[in-house]
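Colleague: coords please:
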Amino acid sequence: MSSLTITTRDAPTGPVMEIAGDLDFDHAPRLRRTLVALSLRPGQRLVLDLSGLRFCDSSGIAALILARNRAVAARADIALAAVPAGTARVLGIVGLDHLFPMHSDVDAATAVRPGTRAPS
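Modeller: Take a look at the predicted model:
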């Protein structure tokens with residue numbers, strides 16, 4: 001069984017969560033708990049770094065939607081960084097690519113001022 005690691009750090013734009021491993025039925029609840037406990041202020045940007053993500057099922061997608069909902073409720077922004085091709089494809093198929101700004105890496109996601117959308 002693979003595991004999930006979640007590391008949170010601060011960037012000038014707001015929190016960055018590095019999510020690595022399998023974001024699946026067994027592990028998505030851990031991300032949801034981490035998101036609920038996260039302090040997010042208006043105007044910040046929550047960046048989810050998915051560069052280490054190996055697998056993401058529908059439970060993982062639901063956790064990403066929770067992250068977006070948390071950001072919206074806090075009047076903050078959200079961005080995904082380094083989204084693996086398979087996950088990006090699924091987000092596109094279900095139409096969620098319009099809800100999540102996606103960037104090539106964390107540097108690109110944190111370089112953009114919150115409230116704006118830049119090309120990836």
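
Colleague: Distance-wise, check the residue lying closest to Leu23 once chain neighbours are set aside relative to Thr87.
Modeller: Nearest residue to Leu23 in three dimensions, chain neighbours excluded: Gly60, at 3.3 Å (Cβ to Cβ, 6 or more residues apart in numbering). C-beta: built from backbone N, CA, C; applies to glycine. From Gly60 across to Thr87, the span is 8 Å (Cβ to Cβ, to the nearest Å).

Colleague: Pick out whichever of the two has more residues nearby.
Modeller: Counted by other Cβ atoms under 10 Å, Gly60 and Thr87 do not tie: Gly60 has more neighbours, with 23 against 20.

Colleague: Neighbouring strands - and their directions - for the strand or helix carrying Gly52?
Modeller: Using DSSP states H and E, Gly52 sits within strand 45-56. Strand 45-56 sits in its sheet next to strand 14-23 (parallel), strand 77-81 (parallel), going by DSSP bridges.

Colleague: So what pairs up with the residue nearest the centre of the chain in the strands?
Modeller: Nearest residue to the geometric centre of the chain (Cα atoms, centre = their mean): Leu48, 2.9 Å. The partner list for Leu48 in beta bridges (DSSP bridges) reads Met17, Leu80.

Colleague: roughly how far out does the strand holding Gly52 sit from the chain middle?
Modeller: Chain-centre distance of strand 45-56: 5 Å, with Cα atoms, centre = their mean, to the nearest Å.

Colleague: How about stretch 94-101?
Modeller: Taking the mean of its C-alpha atoms, stretch 94-101 sits 12 Å from the chain's own mean (Cα atoms, centre = their mean).

Colleague: Just the buried residues of it, please?
Modeller: 96-97, 100-101 (16 or more other Cβ atoms under 10 Å).
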